[in-house]
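1. coords below, sequence missing:
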């Protein structure tokens, strides 16, 4: 069975390293990471397959997570791909905004490495996942 692709856009090196370790333990998945959102559309279009799920840091540059989501939702082949915000900003106002603009959920950083796989499985099952408690 071919691996499922997870795209993660994250500018924090430590967060990328942790995600690489977490996904390494999930043999069904292949992780592609972008360290920024420069040339986002071209880089996404160059992926070998459409990702199974996309994880976006909200405060990445030059295009933030909200802008990347807007672009993704405007492309017909990406309209239904689950997109989850990974952010340390879990204030009520931001969570409300994430919901309104169409994210399929948010997972607070730092991620809970023991529960992350379950959270992703829920997203893939079509559930909205709003994990904002990191304790």
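-> Structure's in. What do you need? Just so it is clear, the model here is predicted, and its values are computed rather than measured.
2. Which residue, other than its chain neighbours, is closest to the most centrally placed residue in the chain?
-> With the centre of the chain defined as its mean C-alpha position, the nearest residue by CA atoms, centre = their mean is residue 55, 0.6 Å away. In this structure, residue 55 finds its nearest non-sequential neighbour in residue 8, 4.4 Å apart by CB to CB, 6 or more residues apart in numbering. From N, CA and C alone the C-beta is placed, and that goes for glycine too.
3. name the element the one you found belongs to?
-> Element membership for residue 8, per DSSP states H and E: strand 4-9.
4. Quick check: what element follows the helix or strand that contains residue 120 along the chain?
-> Using DSSP H and E, residue 120 maps to helix 116-124. Next along the chain after helix 116-124, taking DSSP H and E as the criterion, comes strand 129-131.
5. Now do that next one: which elements does it pack against?
-> In terms of contacts (3 or more CB pairs under 8 Å, 6 or more residues apart in numbering; DSSP states H and E), strand 129-131 is packed against strand 105-108, helix 116-124.
6. who's in contact with stretch 36-52?
-> Residues from elsewhere that reach stretch 36-52, judged by CB atoms under 8 Å, 6 or more residues apart in numbering: 4-7, 9, 11, 29, 32, 34, 60-64, 67-68, 71-72, 77-78, 81-82, 124.
7. which of those residues count as buried?
-> Among the contacts of stretch 36-52, those classed as buried by 16 or more other CB atoms under 10 Å are 5-7, 9, 29, 32, 34, 60, 63-64, 68, 72, 78, 81-82.
8. What ranges does this protein have for its strands?
-> 4-9, 29-34, 53-57, 83-87, 105-108, 129-131 (DSSP state E).
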